[in-house]
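In: Below: sequence and its predicted model.
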Amino acid sequence: MLRLDVCLLVSMLPLSAMGLAQDVYRWTDENGMVHYGTRPPAEAGERVLQLGPSQAEAVPDAAERVRKQQRLLESYQRERELKQAAEAKRAAQERRVSRLCSGLNQQWRKLSHPGPIYVRESDGQRRYISDGERRQQKSALAEDLREHCGGVPD
């Protein structure tokens, strides 16, 4: 029974604080029922608790709760947006690296071809590269492949 009384009292605290700091009274009627209220009964009841203004102000009003919830929702939204932006940036970077590696692998295959290799000059003429130029280009290409693509293809 004492637990029930304490639970009822605790559950009434926010309500009584919202009622502008009033006294809370407890009394037992002639049937043995325990009652709580802000007005004392006709016969003297036991005063249980008096809530001061500081306690009443500690309970946020509905508008303040709504503002806090709105700020929290906005914060969650910003976090989601930042996470999505970071994910989009990471995906774009992966696409760039993939395109780069594809081009580097294509150049590697071209330089690995056993026959003569040429490049087109700006005037449209072919210029065949020497074996020394081929080795030099493959060496530079191998460095780029290791750096960006995880290694040189077989």
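Out: Nice, thanks for sending it over.
In: Run through the strands of this protein in chain order.
Out: Assigned by DSSP state E, the chain shows strands spanning 23-28, 34-37, 46-50, 118-120, 126-128.
In: what's the domain layout of the chain?
Out: As given by automatic domain parsing, the domain ranges for the chain are 2-58, 62-149.
In: and residue 145, how many neighbours?
Out: Counted with other CB atoms under 10 Å, residues neighbouring residue 145 total 20. Where C-beta positions appear, they are placed from N, C-alpha and C, glycine not excepted.
In: My guess is it contacts residue 138. True?
Out: No - Residue 145 is beyond contact range of residue 138, at 9.8 Å (criterion: CB atoms under 8 Å).
In: which residues are in contact with both of those two?
Out: residue 108 (CB atoms under 8 Å, 6 or more residues apart in numbering).
In: before we move on, the earlier item: how about CSV for the domains of the chain, with mean pLDDT added?
Out: Converted to CSV, the domains of the chain look like this (pLDDT from 0 to 100):
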stretch, mean pLDDT
domain 2-58, 62
domain 62-149, 92
